[in-house]
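> Based on what follows, work out the 3D shape:
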Amino acid sequence: NTSDYVSWGYWTATEIDGNTTLMAGTHSWVAGKDAAAAAAFINSISTSTDYLYTGKALGNVMDNGISYNLDTSDATNSVQLKFNFGGGTNAIYNDSSYSWIKFTANNKLWELAPTLATPIVTTGKFSDTLTGTIATSTSVTGVINGQFFGNEAQAVGGTCKASSAATTVKALGVFKAVRP
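Sure, this is the predicted structure:
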């Protein structure tokens, strides 16, 4: 089962020492296994090969000071990331018809996509900028960082964040996706 290579969840902390700089609330995490094997597998691919990963996002959105958790059972919550390995590329497709992160929070649909022309996968990890919209009208920008897991790179997981230009609306979370 490819889902066995990556896990996620929520964690929370209770302030007990009066330190008001700690962030209260619920936060998300993602972790995986066999990352070194995944990196070696990706590096061993010699001919151009596309891999498609599908999954979900977990986290929260701060919308004008109010926090909304992402609902993984919501039909709009989806992650799709397409990569090309081998042939010297090892890059994510930066076209929103191939790679995206979508979710709804506070009844507003977020649609994010990678933007760099050549975000390279190195040592089984990648990083890219994101652009997109909230409710098809408010522009947002952000960052995605990920790592591959599994002896044949069967899964990918990582962090993502995005915000509006006025930074009154921010999303922060994690994602996990597997090859079908």
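
> Please count neighbours and contacts with C-alpha atoms only from this point.
Noted.

> just checking, Gly132 touches Ser163?
No: using Cα atoms under 8 Å, Gly132 makes no contact with Ser163, being 9.7 Å away.

> Between the two, which contacts overlap?
The overlap between the contact sets of Gly132 and Ser163 (Cα atoms under 8 Å, 6 or more residues apart in numbering) consists of Val140, Thr141.

> distance of Asp34 from Ile45?
From Asp34 over to Ile45 the distance is 17 Å, taken as Cα to Cα, to the nearest Å.

> cool, and Ala171?
Applying Cα to Cα to Ala171 and Ile45 gives a distance of 35 Å.

> again with Thr26
Computed as Cα to Cα, the Thr26 to Ile45 distance reads 39 Å.

> Then Ala31?
Relative to Ile45, Ala31 is positioned 24 Å away (criterion: Cα to Cα).

> swap in Cys160?
Plainly put, Cys160 is 27 Å away from Ile45 if you go by Cα to Cα.

> And those two? Which one has more around it.
Relative neighbour count places Cys160 above the other of Cys160 and Ile45, with 24 against 14, counting by other Cα atoms under 10 Å.

> List of residues touching the helix or strand hosting that one?
Counting by DSSP states H and E, the secondary-structure element that holds Cys160 is strand 155-164. With contacts defined as Cα under 8 Å, 6+ apart, strand 155-164 is touched by 2-3, 5-6, 30-32, 53, 130, 138-149, 169-179.

> Within the sheet, what are the partner strands of the helix or strand just after it, with directions?
Beyond strand 155-164 in the direction of the C-terminus, DSSP H and E gives the next helix or strand as strand 169-178. According to DSSP bridges, the neighbouring strands of strand 169-178, each with its direction, are strand 49-63 (antiparallel), strand 155-164 (antiparallel).

> avg pLDDT for the shortest one?
So that's strand 155-164. Across strand 155-164, pLDDT averages out at 94.

> do stretch 68-80 as well
Model confidence over stretch 68-80, given as mean pLDDT, is 91.

> for that stretch, which positions count as buried?
With burial defined by 16 or more other Cα atoms under 10 Å, the residues of stretch 68-80 counted as buried are Tyr68, Asn69, Leu70, Asp71, Thr72, Thr76, Asn77, Ser78, Val79, Gln80.
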